[in-house]
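[1] Sharing a model prediction with you, sequence too.
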Amino acid sequence: MFTGIIEAQAEVVAIRDEQANRHFTLRCPFTSELKIDQSVAHNGVCLTVVALEEDTYTVTAIAETLSRTNLGQLKQGDTVNLERCLLAGSRYDGHIVQGHVDQVGICEEVKDQQGSWLFRFRYQPQGAGNVTVEKGSICVNGISLTVVESGTDFFSVAIIPYTYEFTNLHAVKPGDQVNLEFDIIGKYVARLLQK
């Protein structure tokens with residue numbers, strides 16, 4: 001389980017395909033603290049560390065993950081947002097994030113708000129729980145954010161300078177894909193209301 005509070009960014013240093021799987025080798029500030037079998041969220045996608053070598057580590061994404069997320073578009077030199085699993089007894093600064101991306105969204109607009117940025121994303125409403133509500137939580141590329149405006153197939157979020165600089169949102173432009181994980185509580189509520 002994660003909270004959507006990004007710890008660091010990792011650089012993709014190598015990509016290798018093996019049958020339908022794709023192995024990503026990355027470098028990050030806390031590589032020396034990682035262990036084999038550890039779960040780390042990459043742009044909000046929970047992946048298992050499968051290899052460690054000096055200052056890099058490797059994770060593997062299966063075909064399902066590549067088709068539902070923006071990881072399949074990564075190139076060598078790209079950066080991804082990282083978060084390690086929540087430790088028991090830690091402060092819960094974001095919201096409940098599983099690391100299970102529901103779908104990708106498309107950035108439609110980035111507005112400079114003179115000290116902050118307003119990002120607008122569009123998505124395909126699939127599944128009962130893939131919804132947003134104003135002032136509710138949404139996870140974008142692994143970042144816990146608060147919804148500003150909510151529609152049936154779009155939402156916007158306001159980004160403070162720290163988040164803009166410390167995550168890969170500063171590189172997101174209109175037309176780019178982002179990973180979306182909708183609020184797990186909202187998904188369960190929507191499923192119960194369907195019955």
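    Great, that's in hand.
[2] tell me how far the ends of stretch 142-155 are from each other?
    16 Å (CA to CA, to the nearest Å).
[3] likewise stretch 131-142?
    Start and end residues of stretch 131-142 are separated by 17 Å (CA to CA).
[4] ditto for stretch 169-182
    With CA to CA, one end of stretch 169-182 sits 18 Å from the other.
[5] Quick check: buried residues in it?
    Going by neighbour count (16 or more other CB atoms under 10 Å), the buried part of stretch 169-182 is 169, 172, 176, 177, 178, 179, 180, 181, 182. (C-beta placed from N, C-alpha, C; glycine too.)
[6] which of those residues lies closest to residue 24?
    For these, the residue nearest residue 24 by CB to CB is residue 179; the value is 14.2 Å.
[7] In this structure, what helix or strand scores lowest on average pLDDT?
    Lowest by mean pLDDT, DSSP states H and E among the helices and strands of the chain is helix 184-194, with a mean of 85.
[8] about what we covered before: in CSV: the buried residues of stretch 169-182, plus pLDDT and secondary structure.
    Putting the buried residues of stretch 169-182 into CSV (pLDDT from 0 to 100; DSSP: H, G, I helix; E, B strand; the rest coil) gives the following:
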residue, pLDDT, secondary structure
169, 97, helix
172, 97, coil
176, 98, coil
177, 97, strand
178, 98, strand
179, 98, strand
180, 97, strand
181, 96, strand
182, 95, strand
